[in-house]
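> Could you look at this predicted model? Sequence included:
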Amino acid sequence: MRRIYAAVFITVVLIAGLAGRAEAYKFDCVFDAGSDGITISFTKGPLSLRTQTVTLQGPDSLPQTLRIMPGLQVLLSIASIDPDKPQLTLHYVIESGFLINGDQEGDVTLPFEHGYITNRWIYEDVDPGINYDVYGSMKVALWSSNYALQFGLSDLNGKWTAQATRKVNEIHQTITREGGLQFADINLVFNPRLLYNKVAFNITMTPQSSTWPSPDNATFIGTLPIPYGNYHFWFYRDQKN
């Protein structure tokens with residue numbers, strides 16, 4: 001009987017490790033959001049040989065399933081597209097037994113942009129080999145989470161960092177351009193679970209030139225359950241702003 005209990009315990013630990021540590025299952029995700037919808041290419045596996053592409057053209061498109069790993073998949077659909085902002089709202093339903101019921105469904109609003117997200121074994125706060133409008137890295141952990149943002153715009157260069165802990169689980173940060181004008185207002189709230197961190201975010205980016213498609217502020221807003229691990233991401237628009 002003890003051997004059976006031991007085998008069950010080891011199995012649970014292994015499954016929890018795969019679900020709770022993002023680096024245990026390598027992935028690369030590229031997305032392109034615009035007025036004609038969103039296309040997501042998700043490459044998974046340690047050899048990065050398996051790629052799935054999902055395309056949603058609008059709220060009338062049938063939901064598409066993005067398969068992350070065995071026992072974990074995400075059902076995606078477009079809730080709305082607003083070309084005047086310009087932004088779209090993506091609705092997700094995560095199908096996995098590892099999540100708390102209230103964390104399995106939500107919405108994420110994205111400005112029209114090109115982006116890339118990947119995970120790595122080691123957290124690095126900068127990557128000098130990448131040159132995009134915004135480059136970032138994030139360490140999501142149980143007791144504390146860190147992020148760093150690096151900018152390569154004409155009037156905004158440098159690195160900004162922040163940290164959230166179990167006692168102080170909110171991050172509020174304002175980033176300004178060289179002339180003192182506000183570029184971004186960042187608000188993050190981290191709510192750790194057993195295997196992942198439920199992160200609520202509200203990020204407002206203020207355009208300062210006519211190269212943006214609209215004079216309105218661009219927003220990232222939503223809530224995502226993020227497995228513990230190290231992430232790197234970048235995004236850019238069609239033109240520098």
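Arrived safely, thanks for sending.
> Flag the helix or strand of this protein with the lowest per-element mean pLDDT.
When each helix and strand of the chain is scored by mean pLDDT, DSSP states H and E, helix 2-20 comes last, with a mean of 41.
> Name every strand pairing with the helix or strand following it and say which way it goes.
Going down the chain from helix 2-20, the next helix or strand is strand 27-34, by DSSP states H and E. Applying DSSP bridges, strand 27-34 is found paired with strand 37-44 (antiparallel), strand 113-120 (antiparallel).
> buried stuff in strand 27-34?
Using 16 or more other CB atoms under 10 Å as the test for burial, strand 27-34 gives 27-31, 33-34. Heads up, the C-betas are built off the backbone N, CA and C, glycines and all.
> okay, these in a markdown table with distance to Ser144 next?
Formatted as a markdown table, the buried residues of strand 27-34 follow (distance: CB to CB, whole Å):
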| residue | distance to Ser144 |
| --- | --- |
| Phe27 | 24 |
| Asp28 | 26 |
| Cys29 | 25 |
| Val30 | 29 |
| Phe31 | 28 |
| Ala33 | 31 |
| Gly34 | 36 |
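> Between these, which sits nearest Ile221?
Ala33 (13.8 Å; CB to CB).
> check contacts around that closest one.
88, 110-115 (CB atoms under 8 Å, 6 or more residues apart in numbering).
> Now for these: which two are most distant?
Leu88 and His114, at 13.5 Å, using CB to CB across these.
> who has more neighbours, those two?
With neighbours defined as other CB atoms under 10 Å, Leu88 and His114 compare such that Leu88 has more, 25 against 16.
> May I ask you to confirm that that one belongs to a strand?
Yes: judged by DSSP: H, G, I helix; E, B strand; the rest coil, Leu88 forms part of a strand.
> List the contacts of the closest residue to it other than its chain neighbours.
Spatially, and ignoring its direct neighbours in sequence, Leu88 is nearest to Ile81 (4.5 Å; CB to CB, 6 or more residues apart in numbering). Residues near Ile81 by CB under 8 Å, 6+ apart: 35, 37, 58-59, 87-89.
> ok, now how distant is Leu153 from Tyr116?
As judged by CB to CB, to the nearest Å, Leu153 and Tyr116 stand 18 Å apart.
> Next: Tyr228.
21 Å.
> neighbour count winner among those two?
Tyr228 (20 against 17).
> From the centroid of the protein, which residue is nearest?
Ile117 (6.9 Å; CA atoms, centre = their mean).
> If that residue is in a bridge, with which residues?
Beta-bridge partners of Ile117, as defined by DSSP bridges: Cys29, Phe233.
> show me the contacts for it.
By CB under 8 Å, 6+ apart, Ile117 lies in contact with 28-29, 31, 231-233.
> Nearest to Gln52 among those residues?
Looking across the contacts of Ile117 and measuring by CB to CB, the closest to Gln52 is Cys29, at 10.1 Å.
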